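Everything below, folded, please.
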Amino acid sequence: MELREAIEQRKSIRAFRQKPVPREALEEILEKALRAPSWGNTQPWKVTMVGGKPLQSLIGECVQRALAGGAFGPDLEMPKGWPEELDRRYKENGRKLFAELAIERGNQEKRNAHRLNMFRFFGAPQAVYLHQERTLSLYSIFDSGLLAQNIALLAAEKGVGTCFLGVTVLYPDVIRKYTGIPETDRILIGLAVGYPDDDAPINQFRSERVPIENVVRWVD
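I've put the predicted structure just below:
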């Protein structure tokens, strides 16, 4: 698969098979992904792979806390709002996604169930947490984002699905309890990893992109 094919085929997977991805396949993805660029080759990222009982215990506790309405405190501040145009895209994407899931606008029960499914990594058998030392400049988050993109594209090349999920880092104390990530690190993002369930209709959903002329300015 060529790079452009991986970019075109990569999408957020929201239903997974229970078959774990072999460790050797994950190691190959991660080893290649680590070629991502970074400020002065500082390579500020850290990666924690979680699966099996630790992941299920972690998920279970996060779901219970969410059901109880527990306050959350992610290490990385979540967005609190968007400019008008970005907010329009966000809401339109959500509307189309919920339509694909047959979740009606006023059906709060189904919306809550979908959110809990996000805490469950949409049923993925494995998860990646990206983290880095708290003392680092915020610029290093950009570097870790480059690594995250590499992981997603290399996974797509191998037929492995991924989904970036901000909701999975809302309870960092629970994550640390089951993964051993130190308090001195900020946990950036959780990434669902696994083989896509090709029979799940939701995996046919693709978010839209704005045309190039809405984004790119040419100065020459």
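
The protein: helices as residue ranges?
Secondary structure of the chain by DSSP state H: the helices cover 3-9, 23-33, 52-67, 84-100, 108-119, 139-157, 172-179.

same for the second one, what does it pack against?
The helices and strands touching helix 23-33, judged by 3 or more C-beta pairs under 8 Å, 6 or more residues apart in numbering; DSSP states H and E, are strand 46-51, helix 139-157. In short, each C-beta sits where N, CA and C put it, glycine included.

List the buried residues of it.
The neighbour-count check on helix 23-33 (16 or more other C-beta atoms under 10 Å) flags 26, 29-30, 33 as buried.

Distance to residue 9 added to those residues, as JSON lines?
Listed next are these as JSON lines, based on distance: C-beta to C-beta, whole Å:
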{"residue": "26", "distance to residue 9": "19"}
{"residue": "29", "distance to residue 9": "15"}
{"residue": "30", "distance to residue 9": "20"}
{"residue": "33", "distance to residue 9": "17"}
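
okay, those in CSV with distance to residue 84 and pLDDT next?
Below are the buried residues of helix 23-33 laid out as CSV (distance: C-beta to C-beta, whole Å; pLDDT from 0 to 100):
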residue, distance to residue 84, pLDDT
26, 41, 98
29, 38, 97
30, 39, 98
33, 35, 98
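
on that earlier part again, tell me which of the helices and strands packed on helix 23-33 sits most buried.
helix 139-157 (a mean of 19; mean count of other C-beta atoms under 10 Å).

for the residue positioned nearest the centre of the chain, what are its contacts?
When C-alpha atoms, centre = their mean is applied to the chain, the residue found nearest the centroid is residue 164 (1.2 Å). Neighbouring residues of residue 164 by C-beta atoms under 8 Å, 6 or more residues apart in numbering: 12, 148, 152, 189-191.

how does it look with 6 Å?
Neighbouring residues of residue 164 by C-beta atoms under 6 Å, 6 or more residues apart in numbering: 189, 191.

again, but for residue 38
Contact analysis of residue 38 by C-beta under 6 Å, 6+ apart lists residue 143.

wait, which of the helices and strands packed on helix 23-33 is closest to residue 80?
Among the helices and strands packed on helix 23-33, helix 139-157 comes nearest to residue 80, with 17.2 Å by C-beta to C-beta.
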